[in-house]
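Trainee: Okay, predicted coordinates and the sequence, questions at the end:
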Amino acid sequence: MSSTSAKKKPKVYITRKLPDLVETRMRELFDAELNIDDVPRTREDLIRALQTADVLVPTLTDRIDDSLIAEAGPQLKLIASFSNGVDHIDVEAAARRGITVTNTPNVLTDDTADMTMALILAVPRRLTEGAAILADKRAEWAGWSPTWMLGRRISGKRIGIVGMGRIGTAVARRAKAFGLSIHYHNRNRVDHHTEEQLEATYWDSLDQMLARVDIVSIHCPSTPATYHLISARRLELMRPTSTIINTARGDIVDEAALIKCLREGRIAGAGLDVFQNEPAINPKLVKLAEQGKAVLLPHMSSATLEGRIDMGDKVVINIRTFFDGHRPPDRVLPGRL
Ligand code: DGY
């Protein structure tokens, strides 16, 4: 091969529509198959991709399990996920077959933390209830009254953060600025400097923390160890005036038990951006939202154009680094989440 001959571009299969800017860059750099119509790919589509592409770029809506990975051809070298979470990928199965997995950490931190704050406020301040009144029934609004639409103040209350990683810490910084006292539970205590800055109180016992705070906010990854971490028993430990916010993954909370607690008034409210069987939403949750006991968002806490472009940049960098023969910066190792 002459030194001037062009290097063969890696064949990259992208499962969902990405922002135009990202798709254009992918086409410039790779032999990229796009999904312009954004029709979710079937299992058969994914098998075809695994047997023909060098790189699969899935998102969190694609289930890349052990049996699917078993279908991969020898040419498949990299799964460069367009997502922060990797609970949709069997990372161990990929490692066993010598397939590298990468994700897109860091770039969603602020957007997710912002939206978590929005939910922290929306539940006790009845934001969606109030907005719905003007959107649907403007004629019926009789005007301001001293005792109408009263919510509960968040300033001066305690927030308990479950999982003090990047997003949990970013939420803590915002919550502190809103006058909340920071409590947290994490596998490891955060460094002394951060704890001091946040004036944060560490709880090695999740049970103890849940029983003492006014707002619980979930920020740990979904792993077999965190499945239903917030169980029926733990929900019962929470205070009747407390609220729970989840912008992490639906299966960390026992959703059926949460519904029961909300219906029975054992906790006051929930702000949920993620659900156990997404995209299906339990109709009982929708009913609770109609009653003002829950604010439900369709998994959009990281949804900003800037964030999606940053995610695309990360995917591109991971693919390029890998094919340049280096370790991609966002490599996910089995058992490391
Ligand atoms: C991710 O990428 O894992 C996020 O959940 C997207 O919101």
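Mentor: Received the coordinates, thanks.
Trainee: ok, and whichever residue of the stretch 201-337 of the chain sits closest to the ligand, which helix or strand is that part of?
Mentor: Residue nearest to the ligand within the stretch 201-337 of the chain (CB to the nearest ligand atom): Ser302, separated by 3.5 Å. Yep, even glycine has a C-beta here, placed from its N, CA and C like the rest. Under the criterion DSSP states H and E, no helix or strand holds Ser302.
Trainee: ok, how many other residues are close to the closest residue in space to it that isn't next to it in sequence?
Mentor: Sequence neighbours aside, Leu108 is the residue nearest to Ser302 in space, at 4.1 Å (criterion: CB to CB, 6 or more residues apart in numbering). Leu108 is flanked by 24 other residues according to other CB atoms under 10 Å.
Trainee: Surely Leu108 is in contact with Asn84?
Mentor: Yes - Leu108 lies in contact with Asn84 (CB atoms under 8 Å); the separation is 5.1 Å.
Trainee: overlap in contacts of these two?
Mentor: Taking CB atoms under 8 Å, 6 or more residues apart in numbering as the criterion, Leu108 and Asn84 both touch Ser302.
Trainee: The chain - how does it break down into domains?
Mentor: For the chain, automatic domain parsing gives the domain ranges 11-107+305-323, 109-296.
Trainee: can you redo those as a markdown table with distance to Pro329 and mean pLDDT?
Mentor: Formatted as a markdown table, these follow (distance: least, CB to CB, whole Å; pLDDT from 0 to 100):
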| stretch | distance to Pro329 | mean pLDDT |
| --- | --- | --- |
| domain 11-107+305-323 | 6 | 98 |
| domain 109-296 | 15 | 96 |
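Trainee: got TSV for the ones you listed, with distance to Gly335 and mean neighbour count too?
Mentor: Formatted as TSV, those follow (distance: least, CB to CB, whole Å; neighbours: other CB atoms under 10 Å):
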stretch	distance to Gly335	mean neighbour count
domain 11-107+305-323	7	18
domain 109-296	9	18
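Trainee: Make JSON lines from those and add distance to the ligand to it.
Mentor: JSON lines is the format used below for the domains of the chain (distance: least, CB to the nearest ligand atom, whole Å):
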{"stretch": "domain 11-107+305-323", "distance to the ligand": "3"}
{"stretch": "domain 109-296", "distance to the ligand": "7"}
